[in-house]
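In: any chance you can model this:
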Amino acid sequence: NTILFLLLLGFVVALQAAHPPSPAPSPAPFTGLEILTGAGYFTHSLLYYGYYSNTSLAGRPPYALPLAYALTTGACFVLTCVLLLPHSMARAFGESYRLGGPAGDAALKVFCAWDFKVVRRRWAQLQADNIRTQLKELLAEQRSRSGSRSCCRRLQHVAVRLLAWLLALGTVLGCALAVHHVSEHMHAAGGGRQREAALLALPLAVTLLSTAVPHVYNVLAAWEKHESPVLEVYVAVCRNLLLKSVLLGLLCYQWLSRSGLCSAEACWETCVGQELFRFVVMDLVFVLLDTLFGELLWRLLLEKRLKRKQRPEFDIARNVLELIYGQTLTWLGVLFSPLLPAVQMLKLLLLFYIKKSSLVQNCQAPSKPWQASHMSTVFLTLLFFPSFLGAAVFCCYSVWSAKPSAACGPFRGSESIYESGKGWLRSLESSQPALSWFASIPQHLLESTAFLFLASGVLLAVIYFNIQMVKGQRRVIRLLREQIAKEGEDKVFLIQRLHSLYEQDKG
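Out: Numbers count the residues shown, from 1 in each chain. Okay, the predicted model is just below:
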């Protein structure tokens, strides 16, 4: 988010702030409600797409702001795709890969897991709880692999899980229908204060469903009674991810098809940016409410009223999925709200200190086993797909196919943002004939089937090479383990021979 913000600030926002559009629209009076709705005073500001000019800024040479807007947004996605996410995923995969297989995990946990730098009693107890939870996880995994069940028992488990998945999918479908109904109701809302208050209805409904429905999934998980604790975590993550993906996919479809609230707006890009701003703010509000009521007040109730030493558990999977959800909203809004990464940065900074204090004061270690290294790899993978790739597809469709608004933004009057870029290249070719090769880039690269086929082939070859390299590393590690085991057997044999020779000499 910091890199995205600096790129957009340096190449787009700061330059537009130094050269305001003419005539500059008069801002509405500030009422304070804009902090939640993102509308009103913020509508005609640097926060949204509609404020930016479609002309080149004065200077030598002139600065083409529309081109800078498109290229900087594209550079943000390319930089995230090429440098940041793959590097983090590779590092997380390496960390989980170096920890070894299950054969020596129990011994490593027993003899090497304790951190002797821990001196406080509470931290020592927390570390002991974590080690105990990890040992429970290993034992549960071993029992699930070695246990055998009858045919009737297996059929019963399959039926229960099938019914639980049907209920989960039905819940997702019901949530999607509810969001669609709320969106249509917002479109039919009246004007004035009623419409201004209705702006929060859709973010409120989506965030409420995203927060409440995972608790229903926890009830289904308790009913399913998974033998493997890790499988239970994966199932919960899959269901939560499916819910959030369906809701965001429905919203993206409505935004691009100009249905719902943004259908009546002259500048639909600004409307989409405002919607995403409201989603980010509402997500922050619900996380704060969950921290207050779900952690602080619940701890006080357990300690003061019920006289229990037990504290609320910190659900790592749910909190990480909330971070992924917030980051997805930011990526979706980069094209429509250039300052949305700054809003997300402030939100994450606030949540870090609040969650840190709540974790220390109100929560206990999770009772569910947690493989931190493996799950970190899973969550980074989910951050890349479907989160980042879904946002990239949404923005690419907006660039290639969506018609920009005719009354606002740097691409007003164009058939698409992509066609606007091609028009700039044609004007460059006419003014600078020596750069005609540069103007042919879209035709020979982006619009060429052969180039796309070649690029896809290279990408598949790289993926295949990496898969084979990982398989080779696994084979080498397996051979090294076998060699270590055989060397251990040789040492045991030599010790036994020496002991027998010693006994013979002694006799």
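
In: tell me the gap between stretch 108-125 and the middle of its chain.
Out: 32 Å (CA atoms, centre = their mean, to the nearest Å).

In: gap between the two ends of it?
Out: 19 Å (CA to CA, to the nearest Å).

In: I'd like to know the average pLDDT value across that stretch.
Out: For stretch 108-125, mean pLDDT is 76.

In: mind listing what's buried in it?
Out: Neighbour-count burial for stretch 108-125, counted by 16 or more other CB atoms under 10 Å, picks out residue 109. (C-beta placed from N, C-alpha, C; glycine too.)

In: can you check stretch 304-311 too?
Out: For stretch 304-311, by 16+ other CB under 10 Å, it's residue 311.

In: now what about it, what contacts it?
Out: 299, 302, 303, 362, 363, 364 (CB atoms under 8 Å, 6 or more residues apart in numbering).

In: switch to 10 Å and redo it
Out: Contact with stretch 304-311 is made by 295, 298, 299, 301, 302, 303, 361, 362, 363, 364, 365, 367, as judged by CB atoms under 10 Å, 6 or more residues apart in numbering.

In: repeat for stretch 20-27
Out: Contacts of stretch 20-27 (CB under 10 Å, 6+ apart): 40-46, 50-55, 65, 408, 410.

In: so which of those are in helices?
Out: residue 65 (DSSP state H).

In: quick revisit: columns secondary structure on top of the contacts of stretch 304-311, output as CSV?
Out: Listed next are the contacts of stretch 304-311 as CSV, based on DSSP: H, G, I helix; E, B strand; the rest coil:
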residue, secondary structure
295, helix
298, helix
299, helix
301, helix
302, helix
303, helix
361, helix
362, helix
363, coil
364, strand
365, coil
367, coil
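
In: which stretches in the stretch 201-350 of the chain count as helices?
Out: 201-224, 229-256, 268-291, 297-300, 316-333, 340-362 (DSSP state H, counting those that start in this stretch).

In: which of the contacts of stretch 304-311 are buried?
Out: 295, 299, 302, 362, 363, 364, 365.

In: how about the residue nearest to residue 235 when sequence neighbours are not counted, what does it touch?
Out: Spatial nearest neighbour of residue 235, excluding adjacent residues (CB to CB, 6 or more residues apart in numbering): residue 221 at 6.4 Å. By CB under 10 Å, 6+ apart, residue 221 lies in contact with 164, 168, 231, 232, 233, 235, 236, 239, 368.

In: drop anything exposed from the residues you listed.
Out: 164, 168, 232, 233, 235, 236, 239, 368.

In: is it true that the fifth one touches residue 223?
Out: No: assessed by CB atoms under 10 Å, residue 235 is found out of contact with residue 223, at 11.8 Å.

In: overlap in contacts, those two.
Out: 161, 164.

In: and stretch 112-127, how far out from the chain's middle?
Out: 32 Å.

In: follow-up on the earlier one: buried subset of the contacts of stretch 20-27 as a ChimeraX selection?
Out: In ChimeraX, a selection of the buried entries from the contacts of stretch 20-27 looks like this (16+ other CB under 10 Å):
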select :40,41,42,43,44,45,46,50,51,52,53,54,65,408,410
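
In: among the contacts of stretch 20-27, which two are most distant?
Out: Spatial extent of these (CB to CB) is set by the pair 40 and 55 at 26.5 Å.

In: tell me the domain boundaries of the protein?
Out: When the chain is parsed with automatic domain parsing, its domains come out as 1-31+41-129+265-414, 150-263, 415-447, 449-506.

In: okay if I get those as a markdown table plus distance to residue 138?
Out: Shown next, in a markdown table, are the domains of the chain (distance: least, CB to CB, whole Å):
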| stretch | distance to residue 138 |
| --- | --- |
| domain 1-31+41-129+265-414 | 5 |
| domain 150-263 | 10 |
| domain 415-447 | 51 |
| domain 449-506 | 18 |
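
In: rank those domains by pLDDT, which is bottom?
Out: Among these, domain 415-447 carries the lowest mean pLDDT (a mean of 77).

In: now do the helix or strand hosting residue 157: distance to the chain's middle.
Out: Using DSSP states H and E, residue 157 sits in helix 151-187. Counting by CA atoms, centre = their mean, helix 151-187 is centred 23 Å from the centre of its parent chain.

In: could you give the angle of it to helix 268-291?
Out: 130 degrees (axes from the mean of the first three to the mean of the last three CA atoms, to 10 degrees).

In: packing partners for helix 151-187?
Out: Judged by 3 or more CB pairs under 10 Å, 6 or more residues apart in numbering; DSSP states H and E, the packing partners of helix 151-187 are helix 193-198, helix 201-224, helix 229-256.

In: give me that answer again for 7 Å
Out: helix 201-224, helix 229-256 (3 or more CB pairs under 7 Å, 6 or more residues apart in numbering; DSSP states H and E).

In: can you count the residues close to the nearest residue to residue 77 once chain neighbours are set aside?
Out: Of all residues not flanking residue 77 in the chain, residue 392 sits nearest, at 5.4 Å (CB to CB, 6+ apart). Residues near residue 392, counting by other CB atoms under 10 Å, number 17.

In: show me the helices in the stretch 401-507 of the chain, by range?
Out: So, for the stretch 401-507 of the chain - with DSSP H, counting those that start in this stretch - the helices run 417-431, 436-439, 441, 449-506.

In: ranking those helices by burial, who's on top?
Out: helix 417-431 (a mean of 16; mean count of other CB atoms under 10 Å).

In: so which of the contacts of stretch 20-27 comes closest to residue 183?
Out: residue 43 (20.1 Å).

In: and the gap between that closest one and residue 201?
Out: 19 Å (CB to CB, to the nearest Å).

In: output stretch 475-489 as PDB, restricted to C-alpha atoms.
Out: Output of stretch 475-489 as PDB, limited to C-alpha atoms (Å, rounded to 0.1, in the frame of the first residue of the first chain):
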ATOM      1  CA  ARG A 475      13.500 -36.100  -3.800                       C
ATOM      2  CA  VAL A 476      16.900 -34.900  -2.700                       C
ATOM      3  CA  ILE A 477      15.600 -34.200   0.800                       C
ATOM      4  CA  ARG A 478      14.000 -37.700   1.000                       C
ATOM      5  CA  LEU A 479      17.300 -39.300  -0.100                       C
ATOM      6  CA  LEU A 480      19.200 -37.200   2.500                       C
ATOM      7  CA  ARG A 481      16.800 -38.300   5.200                       C
ATOM      8  CA  GLU A 482      17.200 -41.900   4.200                       C
ATOM      9  CA  GLN A 483      21.000 -41.500   4.200                       C
ATOM     10  CA  ILE A 484      20.900 -40.000   7.700                       C
ATOM     11  CA  ALA A 485      18.700 -42.800   8.900                       C
ATOM     12  CA  LYS A 486      21.100 -45.400   7.400                       C
ATOM     13  CA  GLU A 487      24.100 -43.700   9.000                       C
ATOM     14  CA  GLY A 488      22.300 -43.800  12.300                       C
ATOM     15  CA  GLU A 489      21.700 -47.500  11.900                       C
END
